[in-house]
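**Q** Here's my sequence, what's the structure:
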Amino acid sequence: MNYPQKWDLSSVYPSIECKEFQGDLQSLETAIAPLVAQVLALPTESVPGPWEAFFTAWEAQGLLMNQVGVYVNCLASADTEDPRYPALLGNLSSLGAKAAEISIHLRQKLGTMGQTTYESLLANSPKLKEIRFSLDEIRTQAQYMMDGPREKLAADLGVDGITAWGRLYTTLSGKLKVHVMEKSVLVEKSVGQVRTDSAEPTVRKNNFYAADKAWQKIEDSCAGAINAIAGTRLTLYKNQGYHHFLDKPLQDNRLNRTSLEAMWQAVSDRKTMLVPYLQKKARILGLEKLAWYDQVAPLGTGTIDFDSAADLVVQEFSKFSPDMGTFAQQALEKGFVESEDRTGKRPGAYCTKFLSRKEPRVFMTFSGTYDSMSTLAYELGHAYHGFILKDQPIPLQTYVMSTAETASTFAEEIVTDYLIGQAPNPRDRLAMLDKSLADAMIMMMNIHARFLFESEFYTARAKGEVRVDQLNDLMLQAQKTAFLDQLSAYDPRFWVNKLHFYISGLSFYNFPYTFGYLFSTGLFARAKVEGPAFTDTYKKILLATGTMNTEEVIRSTLGEDIGQVDFWNKSLDLIETRVQEFCTLADQM
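**A** Numbers count the residues shown, from 1 in each chain. The predicted structure is shown next:
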């Protein structure tokens, strides 16, 4: 089919100048004060009426904030050159800070309510009882907050503080230009267009160093931003009662420390399995060792156009679950995917959704490679997760990164497994196995390096600001440790060019990727054994992510304990099997 490659946002608003958008923006402003008054007036005794009325009004305000915010962020992502969008994002950040007062008072109200009164309130209100999991989370969060005025001050200061630093990074990286040689012509590109997945080693190397030269120009500004973001977080953590910089990101992922440590322990114990893969891939590429910029170097030279890639994703999704395939088809046909390769777009890929419209949007830059097709499947996997939850009460549609990355990686594995199985000859099968194992390397080594770097960085930041050269040293050491010193060249400035370190609302945007990858690997193996019957189990897992902590999601649906190293070893066994097949085929080439 012929799919649009520019997303359609006109069904949401015709433009930011239209009266509908301006009216909703104004409504957001005027709705905050009444909601603050409403939450302050909530009774401390078990009287459900006022509580139900508040949650109805609060939900309406949240849906409108989501619609306006997602719309502006989509516009800003697709066109970093338009000066109107950063200004609008700044205004929305200010509105968010004002709206935070509502959440602060709600946490205080629920957090100070006695358990007997709380249970009585829920027992007398089916509406509140249905969203108990969300209310329980709010009560837990209340244990980690300052007094109301200081929480409000922190939210207000955040507009021109931590979130402003994040917006600055987005602006700087979005406007950054890289000059690369293409067919003897010097071409200017956005950083998101400069890739290292070419089959030509000189192209990979030249692109990497051209991009690094550009990133170096803004490293001082980025050092200021990353220090400010981390410093603010550490100050807040200390005053909110968090004892370790991992406590908050673990809470945000509904994950306990034991489970995280078990996962990293399994990865650290078993990652040596990837060394033969790295060595044999280097030999095939004619290299003594792989370099940082060779991580996703393809062993095949095949390309694919967007329409063919989209058709294949739909085809394979449909084999696993007809409604998953139908969902992906409709998302593509309706223009919910922004995939065009052009200048002026921000780097990276993501999935977002308009809650009130029950519509996703996927952002990416399709480069004509099989890796790009995997990104499309990956982001549509996120979108399908939201689709499964779309009819749940709004508070129960919120899921965390660790389980979000499970859904996306599972979707990607559906396509990868097909490509491996359909390879027409040993050489093509080797190339597809390579792609699968490159993902394993990224999740077990690249992501691990990010986690190690961020851990060391936060430890150092607690003692003072960390200089550019120190940041480079921390990153280099983390990469050498995570990759078992198996690369010939590294990327010390990775802390500059990786967006995830600058997302003001999230820290440690790394371990959930490895979690999701390993969990989904095990899930997919189970799906192949159980066949069509597993489809219902998979949907139950996705539904449970909105109503349970991560450990309970897996325990209740699969009967497994993720706090045990053996759980993770089951997935790692499957990866090792692919490593062995790759090495056998490589020796035959």
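**Q** ok, the most centrally placed residue in the chain - contacts?
**A** Against the mean C-alpha coordinate of the chain, by Cα atoms, centre = their mean, the closest residue is M401 at 6.3 Å. Contacts were defined as Cβ atoms under 8 Å, 6 or more residues apart in numbering; by that measure M401 touches D252, N253, L506, Y509, P512, G516. C-beta: built from backbone N, CA, C; applies to glycine.
**Q** Would you mind stating the distance between the fifth one and L255?
**A** Using Cβ to Cβ, to the nearest Å, P512 is found at 8 Å from L255.
**Q** any common contacting residues for the two?
**A** Among the neighbours of P512, those also in contact with L255 (Cβ under 8 Å, 6+ apart) are V400, S402.
**Q** Now the buried members of the contacts of M401.
**A** Those of those that meet the buried threshold are D252, N253, Y509, P512, G516, by 16 or more other Cβ atoms under 10 Å.
**Q** quick one: the second one from V70, how far?
**A** In this case it means N253. N253 sits at a distance of 22 Å from V70 (criterion: Cβ to Cβ).
**Q** Same question for the fourth one.
**A** Using Cβ to Cβ, one gets 21 Å for the distance from P512 to V70.
**Q** same thing with the third one?
**A** In this structure, Y509 and V70 are 19 Å apart, going by Cβ to Cβ.
**Q** Over to the first one?
**A** D252 sits 20 Å away from V70, taking Cβ to Cβ as the criterion.
**Q** Just the helices from the stretch 201-350 of the chain, written as ranges.
**A** 201-216, 219-240, 247-252, 257-270, 274-284, 306-320, 322-333 (DSSP state H, counting those that start in this stretch).
**Q** helices or strands up against the fourth one?
**A** So the one you mean is helix 257-270. For helix 257-270, the elements it packs on are helix 447-461, helix 511-530, helix 565-588, judged by 3 or more Cβ pairs under 8 Å, 6 or more residues apart in numbering; DSSP states H and E.
**Q** Between these, which one is closest to G166.
**A** If you check each of these against G166 by Cβ to Cβ, helix 447-461 wins as the nearest, at 15.4 Å.
**Q** any idea of the mean pLDDT for the closest one?
**A** This predicted structure assigns helix 447-461 an average pLDDT of 98.
**Q** just checking, what packs against the helix or strand that comes right after that helix?
**A** Downstream of helix 447-461, the next assigned helix or strand under DSSP states H and E is helix 468-482. Counting contacts by 3+ Cβ pairs under 8 Å, 6+ apart, helix 468-482 is packed against helix 219-240, helix 447-461, helix 494-497.
**Q** And those: which comes nearest F317?
**A** helix 447-461 (25.2 Å).
**Q** State the distance from the residue nearest to E465 when sequence neighbours are not counted to Y502.
**A** With sequence-adjacent residues excluded and distances taken as Cβ to Cβ, 6 or more residues apart in numbering, E465 is closest to N227, at 5.0 Å. Between N227 and Y502 the distance, using Cβ to Cβ, works out to 11 Å.
**Q** Which neighbouring elements make contact with the helix or strand containing I388?
**A** Secondary structure assigned from DSSP H and E places I388 in helix 370-389. With contacts defined as 3+ Cβ pairs under 8 Å, 6+ apart, the packing partners of helix 370-389 are helix 306-320, helix 322-333, strand 337-338, strand 350-354, strand 359-363, helix 401-421, helix 426-441, helix 534-544.
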